[in-house]
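[1] structure of the sequence below:
(one chain, ligands or ions: 1)
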Amino acid sequence: MKKIVFTAFIYLGLLFNSTNSFAQSNNDLATLPPMGFMTWNYFGVNINEQDIKTLADAMVETGLRDLGFNYIFIDDGWQGGRDNKNNMIPDPKKFPSGMKALVDYVHSKGMKIGIYSDAAQLTCAGYTASLGFEEQDAKTFAKWGFDYLKYDYCGAPSDWQTAIHRYEKMATALRNSGREITLGVCEWGDRQPWLWAKKAGGQLWRTTADVRDKWYSGSKINKPSDLHGKGAGIFDILNLNAELAAYAGPNGWNDPDMLVVGLYGKKGAPSSDLGGKGCTDTEYQSQMSLWCLMAAPLMITCDVRNMNDATKRILTNKEIIAIDQDPLGKQAVRLVNNEIWQVFIKPLANGDTALGILNISDKEQTSDINLSSLGITDVETAKDLWSKKTIKLNSKKNLKVKVASHETKVYRLN
Ligand code: GLA
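    Predicted structure coming up:
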């Protein structure tokens, strides 16, 4: 009897241990798509502690933090090489107070903070990266207090196997670092990371090449690698990411890259090359709408210390953000995709449905949708989440609405 009890204890112990390590196995680090401010599109590698502190302040003052944008993501350009023990160090000119102090500051603002590295010897911008130092770098990031790592793939071999292996290696290192650190996989969709990145230990994965501050590249894109060198616009990225709805869910999100909302073609910024001359506010509002429908991570990149009213209005729409952050965690399915319209449906946790209607043509169009024909029958009202007007639906469930060129209407159907 004693032996049985003892064995049972050991068994339970093992079970508890494995459940415990499962809980820590970074499986629950991004139950909702992460949101925040990312340095890359606006600053490029010209980042420093003073800017990051004032950005964190602005996230609080503008109310963005309280709307859910609670991360500051430091991108490439922070690195200052390694010390004589091979520990990574920040560039002392950009970060004279050191990383720990900066992380503490951001945390003191009630925010989280992310850092950046790459699965090769050098990053995309040519700075020191983590290949061969995964364990040591993960421990350094943990010691500094980081909550997130964007792990890029420049300078690494193109085959799938190596990519999976290198991401697994960093994911394991993060798990063993003593801190919960979310992992963002960034290999631009070239090796279909939606098939393996979650299993490898990532919570989100970029699905395309870098977004530029523009609507459309002008070329037909069939796969992520078609976009390299062409300059991916909002519309190009939408077309790739919209096809991946089945792969998104809590702790594993398709990442269609940063929001370009409010950049207005800022000169010298990485988002301005390859034709990134800026978008209209209608197009920026469409990006916000479509990214929220697609349950995308929301990474603001315009200067939140100096937003105009249009930018503020687009980024702070609570009801639109709630579509992105809906706890059901479904990415919208694209039901219509023709030369004028794209129509999206996203089921929500409380039984409501979000409906997105994008006019891709270059003039205003009238959409006359029969919701029943889309399989939506038990709804009474449609609330336009941008104009805030609620329409009572007729018995046939018709929704007739004018949509401007490149505009996306978003409705909450109840
Ligand atoms: C790659 C990534 C970008 C950015 C830069 C930094 O291009 O896709 O998002 O991180 O590297 O160099």
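[2] residue 186 contacts residue 154, correct?
    No - applying C-beta atoms under 8 Å, one finds residue 186 not in contact with residue 154, separated by 9.1 Å. In this view, the C-beta of every residue, glycine as well, is placed from N, C-alpha and C.
[3] those two: which is more packed in?
    Taking neighbours as other C-beta atoms under 10 Å, residue 186 and residue 154 compare with residue 186 leading, 27 against 18.
[4] OK, contacts around the more buried one?
    Counting by C-beta atoms under 8 Å, 6 or more residues apart in numbering, residue 186 makes contact with 150, 151, 152, 153, 205, 206, 255.
[5] mind running it again at 6 Å?
    Residue 186 is in contact with 150, 152, 206, counting by C-beta atoms under 6 Å, 6 or more residues apart in numbering.
[6] tabulate those residues in JSON lines, adding columns for secondary structure and pLDDT.
    Listed next are those as JSON lines, based on DSSP: H, G, I helix; E, B strand; the rest coil; pLDDT from 0 to 100:
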{"residue": "150", "secondary structure": "strand", "pLDDT": "99"}
{"residue": "152", "secondary structure": "strand", "pLDDT": "99"}
{"residue": "206", "secondary structure": "strand", "pLDDT": "98"}
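[7] tell me how far residue 57 lies from residue 342.
    38 Å (C-beta to C-beta, to the nearest Å).
[8] between these two, who's got more neighbours?
    residue 342 (20 against 16).
[9] heading C-terminal from whichever strand or helix holds that one, find the next helix or strand.
    Assigned by DSSP states H and E, residue 342 falls within strand 341-347. Using DSSP H and E, the helix or strand that directly follows strand 341-347 along the chain is strand 353-359.
[10] beyond that next one, next helix or strand please.
    Strand 353-359 is succeeded, C-terminally, by strand 365-370 (DSSP H and E).
[11] buried ones in the helix or strand that that next one is followed by?
    Downstream of strand 365-370, the next assigned helix or strand under DSSP H and E is strand 381-384. By 16 or more other C-beta atoms under 10 Å, the buried positions in strand 381-384 come out as 382, 383, 384.
[12] mind listing the strands the very next helix or strand once past strand 381-384 pairs with, and their directions?
    The element immediately downstream of strand 381-384 (helix or strand, assigned by DSSP H and E) is strand 390-392. In the sheet, strand 390-392 lines up against strand 381-384 (antiparallel) (DSSP bridges).
[13] from the chain's centre, how far out does the strand it pairs with sit?
    How far strand 381-384 lies from its chain's middle: 27 Å, per C-alpha atoms, centre = their mean, to the nearest Å.
[14] now swap in stretch 41-51 and tell me
    19 Å.
[15] before we move on, back to that, wait, which of the buried residues of strand 381-384 is closest to residue 51?
    residue 384 (37.0 Å; C-beta to C-beta).
[16] give me the beta-bridge partners of the closest one?
    Beta-bridge partners recorded for residue 384 (DSSP bridges): residue 411.
[17] distance of it from the ligand?
    Separation of residue 384 from the ligand (C-beta to the nearest ligand atom, to the nearest Å): 33 Å.
[18] ditto for residue 238
    Taking C-beta to the nearest ligand atom, one finds residue 238 at 17 Å from the ligand.
[19] next one: residue 393
    42 Å.
[20] what sits against the residue most central in space within the chain?
    With distances taken as C-alpha atoms, centre = their mean, the residue of the chain nearest its centroid is residue 297 (2.5 Å). Counting by C-beta under 6 Å, 6+ apart, residue 297 touches 33, 34, 204, 253, 255.
[21] where does it land on pLDDT?
    Looking at residue 297, its pLDDT stands at 99.
[22] ok, the one 10 residues further on next?
    We have a pLDDT of 98 for residue 307.
[23] what ranges do the helices span in the protein?
    Taking DSSP state H as the criterion, the chain carries its helices at 2-24, 40-43, 49-61, 99-108, 134-144, 160-175, 197-200, 234-241, 281-293, 309-315, 318-324.
[24] include distance to residue 264 when you put those helices into TSV, please.
    TSV is the format used below for the helices of the chain (distance: least, C-beta to C-beta, whole Å):
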stretch	distance to residue 264
helix 2-24	43
helix 40-43	11
helix 49-61	18
helix 99-108	27
helix 134-144	33
helix 160-175	35
helix 197-200	33
helix 234-241	14
helix 281-293	9
helix 309-315	9
helix 318-324	20
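[25] lowest average pLDDT across those?
    helix 2-24 (a mean of 40).
[26] near the ligand, which residues of the stretch 151-300 of the chain show up?
    Within the stretch 151-300 of the chain, the positions lying close to the ligand (C-beta under 6 Å from any ligand atom) are 152, 186, 210.
[27] go again with 5 Å.
    Proximity of the stretch 151-300 of the chain to the ligand, by C-beta under 5 Å from any ligand atom, involves residues residue 210.
[28] cool, the stretch 1-150 of the chain as well?
    40, 75, 76, 124, 125.
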